[in-house]
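In: Quick one: sequence plus predicted model below, questions after.
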Number of protein chains: 2
Amino acid sequence: MSDRPAARDPFLLTIPSGDNRERKVCADCGFIAYENPKIIVGSVCEWQERILLCRRAIDPRREFWTLPAGYLELNEASKAGAEREAMEEAGVRIAIDGLLAVYDIPRLSQVQLIFRARLSGPELAPGPESLEARLFRWDEIPWADLAFPSVEWSLRHYREWLASGDAAPRHNPD
Amino acid sequence: MSDRPAARDPFLLTIPSGDNRERKVCADCGFIAYENPKIIVGSVCEWQERILLCRRAIDPRREFWTLPAGYLELNEASKAGAEREAMEEAGVRIAIDGLLAVYDIPRLSQVQLIFRARLSGPELAPGPESLEARLFRWDEIPWADLAFPSVEWSLRHYREWLASGDAAPRHNPD
């Protein structure tokens, strides 16, 4: 229990002068708190025809399998973010080869940048956000236990890239 | 002048449990205000070998030339955002053909998604954020008066794409 009074929220929803949509504006000082979509950076990481997946230790979708991926941080470049997530979630260094896909999830105000990457070896060391990390051959991938639709899109688009070599980035399937 | 007391900022910079970097955390309620990079969406728009540029009516870089581009909004997909910016800044409908480039500006916590697009005609109608909008042949482009480095990168990468047809997205030049 705190003996401090509850904070009064000074923000009002209003359309600032010169703008065309509602923003949170501080009634006291006029500060405009712009809110915009967030960027997820992640990668499909291969080692000898096997793909790295991590089993989530956190909600949402705890216990389901995902790519190493997460929010891009302030002052971070997108490839550096994808490398950091692979290190944090699977304990691996990756070499990024290119951009596989850009997925839009407007319902969640998310844009996902998914890269193609290679591992230097099969040693994995899952971090606190992963229950386990594993390398899967294509016919071993746990399709029914993937955490999010974009994990399946990424895997299928990666396989398509392997077959075609077409370097144009993929987008949400129709 | 307001007779309301100045708002007390209840946020402290601290590392939340399970995290590994400082966040703004509300001392009253524990709410974590995550701050992440923002997404700029824009396009290189061509009509009959001429490229659309807009002269900025707003700071920063007022009076300099730029591509139609701006912040992606909540619940907006990236191509829809680029189409909206072309309409707001130059009064044009565009048909997007593909992703030209992903530029990282970590100093500004920005990721820019720049698309390739076509105009359906040469009629332009600059909006309130543009002093003028114009179509430039390559040899007319005002290189010395471009607003930002990424405008020049986009134009040079677009020309490279025209010459090579290579659909792999470009990134920041070295």
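Out: Alright, I've got the coordinates. Numbering: from 1, shown residues only, chains lettered A, B, ... in the order given.
In: Nearest residue to A:I94 in space, please, no chain neighbours.
Out: Nearest residue to A:I94, sequence neighbours excluded (Cβ to Cβ, 6 or more residues apart in numbering or on different chains): A:A117, at 4.1 Å. C-beta: built from backbone N, CA, C; applies to glycine.
In: give me every residue that touches the one you found.
Out: With contact set as Cβ atoms under 8 Å, 6 or more residues apart in numbering or on different chains, A:A117 has these partners: A:43-46, A:82, A:86, A:94-97.
In: Now, the residues you listed that are in strands?
Out: Per DSSP state E, strands hold the following members of the contacts of A:A117: A:43-46, A:94-97.
In: who touches the longest helix along chain A?
Out: Counting by DSSP state H, the longest helix found in chain A is helix A:149-164. Here helix A:149-164 makes contact (Cβ under 8 Å, 6+ apart) with A:42, A:44, A:46, A:51, A:53, A:65-67, A:100-101, A:103, A:105, A:112, A:114, A:116, A:138, A:141, A:143, A:146, A:166-167, A:170, A:172-173.
In: Are any of the residues you listed buried, and if so which?
Out: Among the contacts of helix A:149-164, those classed as buried by 16 or more other Cβ atoms under 10 Å in any protein chain shown are A:42, A:44, A:46, A:51, A:53, A:65-67, A:100-101, A:103, A:105, A:112, A:114, A:116, A:141, A:146, A:170.
In: Can you tell me which of the contacts of A:A117 are classed as buried?
Out: Looking at those with 16+ other Cβ under 10 Å, the buried ones turn out to be A:43-46, A:82, A:86, A:94, A:96.
In: and which of those residues is nearest to A:D59?
Out: A:A86 (21.1 Å; Cβ to Cβ).
In: Pull the most distant pair out of the buried ones among the contacts of A:A117.
Out: Maximum pairwise distance in those, criterion Cβ to Cβ, is 14.0 Å, between A:E46 and A:A82.
In: Give me the distance from the longest helix of chain A to the chain's centre.
Out: Averaging C-alpha positions (Cα atoms, centre = their mean, to the nearest Å) puts helix A:149-164 16 Å from its chain's average.
In: Excluding covalently adjacent residues, which one is nearest to A:D166?
Out: Counting by Cβ to Cβ, 6+ apart, the residue nearest A:D166 is B:A167, at 7.2 Å.
In: thought that neighbour was touching B:G98?
Out: Yes. B:A167 is within contact range of B:G98, at 6.2 Å (criterion: Cβ atoms under 8 Å).
In: pLDDT of stretch A:87-95, averaged?
Out: In this model, stretch A:87-95 has a mean pLDDT of 97.
In: residue closest to the middle of chain A?
Out: Central residue of chain A (Cα atoms, centre = their mean): A:I40, 3.2 Å from the mean position.
In: Relative to chain B, how far out is that residue?
Out: The gap separating A:I40 from chain B is 10 Å, by Cβ to the nearest Cβ, to the nearest Å.
In: ok and the strand or helix carrying that residue relative to helix A:149-164, angle-wise?
Out: A:I40 is located in strand A:38-47, with elements delineated by DSSP states H and E. Angle of strand A:38-47 versus helix A:149-164, following axes from the mean of the first three to the mean of the last three Cα atoms, to 10 degrees, is 50 degrees.
In: hang on, the earlier thing: residues shared between the contacts of B:A167 and B:G98?
Out: By Cβ under 8 Å, 6+ apart, the residues touching both B:A167 and B:G98 are A:A168.
In: how near is the residue nearest to A:I94 to chain B?
Out: Counting by Cβ to the nearest Cβ, the gap from A:A117 to chain B is 15 Å.
In: Report the residue spans of chain A with pLDDT below the cut-off.
Out: For chain A, the stretches flagged by pLDDT under 70 are A:1-8.
In: That one: strands as residue ranges?
Out: Counting by DSSP E, the strands of chain A are A:11-14, A:23-26, A:32-33, A:38-47, A:50-56, A:65-66, A:69-71, A:94-105, A:110-119, A:130-137.
In: and the last one, how far out from the chain's middle?
Out: Taking the mean C-alpha point of strand A:130-137 and that of its whole chain, the gap between them comes to 17 Å (Cα atoms, centre = their mean).
In: so what's A:A90 up against?
Out: The contact partners of A:A90, by Cβ under 8 Å, 6+ apart, come to A:45, A:52, A:54, A:68, A:124-127, A:130, A:133.
In: Looking at the residues you listed, spot the one nearest A:R61.
Out: Proximity of those to A:R61 (Cβ to Cβ) peaks at A:C54, which lies at 11.5 Å.
In: pretty sure that closest one is touching A:L67, no?
Out: Yes. If you go by Cβ under 8 Å, A:C54 and A:L67 touch, sitting 7.4 Å apart.
In: is stretch A:127-137 anywhere near chain B?
Out: Yes. Using Cβ under 8 Å from any Cβ of the partner chain, stretch A:127-137 reaches chain B at A:P128.
In: Would you mark the buried spots in the longest helix of chain A?
Out: Buried-residue list, helix A:149-164, by 16+ other Cβ under 10 Å: A:150-151, A:153-155, A:157-158, A:161.
In: just how off-centre is stretch A:160-174 within its chain?
Out: Chain-centre distance of stretch A:160-174: 18 Å, with Cα atoms, centre = their mean.
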